[in-house]
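Asker: Take a look and give me a structure for this.
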Amino acid sequence: MIDLMTDLGVVMTPKLNFTNHIDGLIARASQKFGLLKRHCDVITSIKGRRTLYISLVRALFEHCSQVWRPISSSNISKFEKIQRRAVKWIFNETHASYSDTDYANKLASLKLMSIKDRFTYSDLSLFHKIFNDTVPISLPPYLHRLSTSDLRRNTRSQVLRDDMQVVCTERSRLESFDQSYFHRVHLEWNSLPLSIRKIHEHALFTSNLRHFLFNGRSLSALDAVT
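Answerer: Predicted coordinates for the structure are as follows:
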């Protein structure tokens, strides 16, 4: 029996468990960040260090993240710890102690999302293309857009419905299904404001999505967030 398999650089078990992949990524990211600290200390500007972190460390977390992204808070915190260390390095405050509020404020000043929000951004960015048929990937048979008849049947529901929402017709029986990309992302999609889901142009959608995830409130003319 094959215990582990690798496809497109993603390590998984036959039961679609990605713990080994996540642990391997954490080790690689820690190694890359260690190299940055040792060999790039001559770069002292916040902008320069931020760029190095995004391109050499955080980029590791974004390869096929729609497939393997962690769901549990314990696994997400492993990635967040690396970013927290990187933020201290970017500000040349390696030995400082950040509270959660301090860390959130530092992320805001760097225009960086939390790792959890970044994973959600990647999920939704791809799903927007799928939903609008701009990539050769179709919704699975168990997902479909709400039809006019669906909306009529839900007129008495307390939950607001619209034809930009996606519903799942498959009953969940396995945790791996709950955590799979399409099941997970259709819930994330439905939770977005209709004003964002209605945007067809992808660049405008991702810009508004970044602002929404970063601010958690109505959109306004803000600087770009990455």
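
Asker: Would you mind naming the helix or strand containing Ala27?
Answerer: Secondary structure assignment for Ala27, by DSSP states H and E: helix 19-39.

Asker: Next secondary structure after that helix?
Answerer: Downstream of helix 19-39 (by DSSP H and E), the next one is helix 46-56.

Asker: relative orientation of that following helix and helix 19-39 in degrees?
Answerer: 150 degrees (axes from the mean of the first three to the mean of the last three C-alpha atoms, to 10 degrees).

Asker: number of nearby residues for Asn75?
Answerer: Asn75: 16 surrounding residues under other C-beta atoms under 10 Å. All C-beta spots, glycine's among them, are computed from the backbone N, C-alpha and C.

Asker: Tell me which residues are up against the helix holding Ala27.
Answerer: Identification of contacts with helix 19-39 by C-beta atoms under 8 Å, 6 or more residues apart in numbering yields 4, 10-13, 52-53, 56-57, 60-61, 68, 70, 75, 78-79, 82, 85-86, 89, 94.

Asker: Try it again at 7 Å.
Answerer: 4, 10-12, 52, 56-57, 60-61, 68, 70, 75, 78, 82, 85-86, 89 (C-beta atoms under 7 Å, 6 or more residues apart in numbering).

Asker: So which of these belong to strands?
Answerer: Val10, Val11, Met12 (DSSP state E).

Asker: helices and strands of the protein: which one bottoms out on pLDDT?
Answerer: When each helix and strand of the chain is scored by mean pLDDT, DSSP states H and E, helix 148-153 comes last, with a mean of 59.

Asker: Could you point out the helix or strand that follows it?
Answerer: strand 166-168.

Asker: So what's the gap between whatever helix or strand comes next after that following strand and the chain middle?
Answerer: Proceeding N to C from strand 166-168, the next assigned helix or strand is helix 175-178, under DSSP H and E. Computed by C-alpha atoms, centre = their mean, to the nearest Å, the separation of helix 175-178 from the middle of its chain amounts to 18 Å.

Asker: Could the C-alpha coordinates of helix 175-178 be exported in CSV?
Answerer: Below are the C-alpha coordinates for helix 175-178, written out as CSV (Å, rounded to 0.1, in the frame of the first residue of the first chain):
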residue,chain,number,x,y,z
GLU,A,175,-14.3,15.2,6.6
SER,A,176,-12.1,15.1,3.5
PHE,A,177,-15.1,16.1,1.5
ASP,A,178,-15.9,19.0,3.9
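
Asker: what does that helix rub up against?
Answerer: Here helix 175-178 makes contact (C-beta under 7 Å, 6+ apart) with Lys15, Leu16, Ser172, His183.

Asker: Give me the spatial nearest neighbour of the last one, chain neighbours excluded.
Answerer: Spelled out, that is His183. With sequence-adjacent residues excluded and distances taken as C-beta to C-beta, 6 or more residues apart in numbering, His183 is closest to Phe177, at 5.9 Å.

Asker: Next one: that neighbour from Val185, what distance?
Answerer: 13 Å (C-beta to C-beta, to the nearest Å).

Asker: if you count what's nearby, which of the two comes out ahead?
Answerer: Val185 (22 against 16).

Asker: Poorly predicted segments of this protein, please.
Answerer: Regions of the chain meeting the criterion pLDDT under 70 cover residues 1-2, 148-160, 216-226.

Asker: what's near enough to touch the closest residue to Thr169 other than its chain neighbours?
Answerer: Closest residue to Thr169 apart from its sequence neighbours, by C-beta to C-beta, 6+ apart: Tyr142 at 5.1 Å. Counting by C-beta under 7 Å, 6+ apart, Tyr142 makes contact with Cys168, Thr169, Glu170.
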